[in-house]
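> Model the structure of this input:
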Amino acid sequence: NRRHQSLGGQTPRQRYNDRGKAIPTGGRSAPSGTTTRPVSATGVIAFSGCSIVLGRAWKQHTATVYWQGDRVTIMIGDTVVRQLTLDRSVRYQPLTSQKLSGKS
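Below is the predicted model:
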């Protein structure tokens, strides 16, 4: 409650009350949820309009998909099989995003 030289002669409470208050930006948080998807014989699941490759090792399993916005985590049992951010510019989400070079 005492005035401080470093605060321009104001008390801490006065300085606090003079500051602008934080307000929400108005943007909503990204939608999120959980769902299950069967893994095809080729090791692919369909989710949110995309085909996500998990690998043939996971064929015929049931995958649990946890998502928030375009960020996706896929689990089978207690194993995290894949984490990715969906690339909405393409339907097919390969295991790697590396581009093959044309050089030999």
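> Low-confidence ranges, the chain, go.
Applying pLDDT under 70 to the chain picks out residues 27, 97-104.
> In the sheet, which residues pair with the residue most central in space within it? Tell me.
In the chain, the residue lying closest to the centroid (CA atoms, centre = their mean) is residue 71, at 2.9 Å. Going by DSSP bridges, residue 71 is paired in beta bridges with residue 68, residue 85.
> ok, it touching residue 82?
No. Here residue 71 does not reach residue 82: they are 11.8 Å apart, not a contact under CB atoms under 8 Å. Backbone N, C-alpha and C define where each C-beta goes, glycine included.
> And the strands in this structure, which stretches?
Taking DSSP state E, the strands of the chain run over residues 32-38, 44-47, 50-53, 62-68, 71-76, 79-85, 92-93.
> Include distance to residue 25 when you put those into TSV, please.
As requested, these are exported to TSV (distance: least, CB to CB, whole Å):
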stretch	distance to residue 25
strand 32-38	18
strand 44-47	29
strand 50-53	28
strand 62-68	17
strand 71-76	19
strand 79-85	22
strand 92-93	30
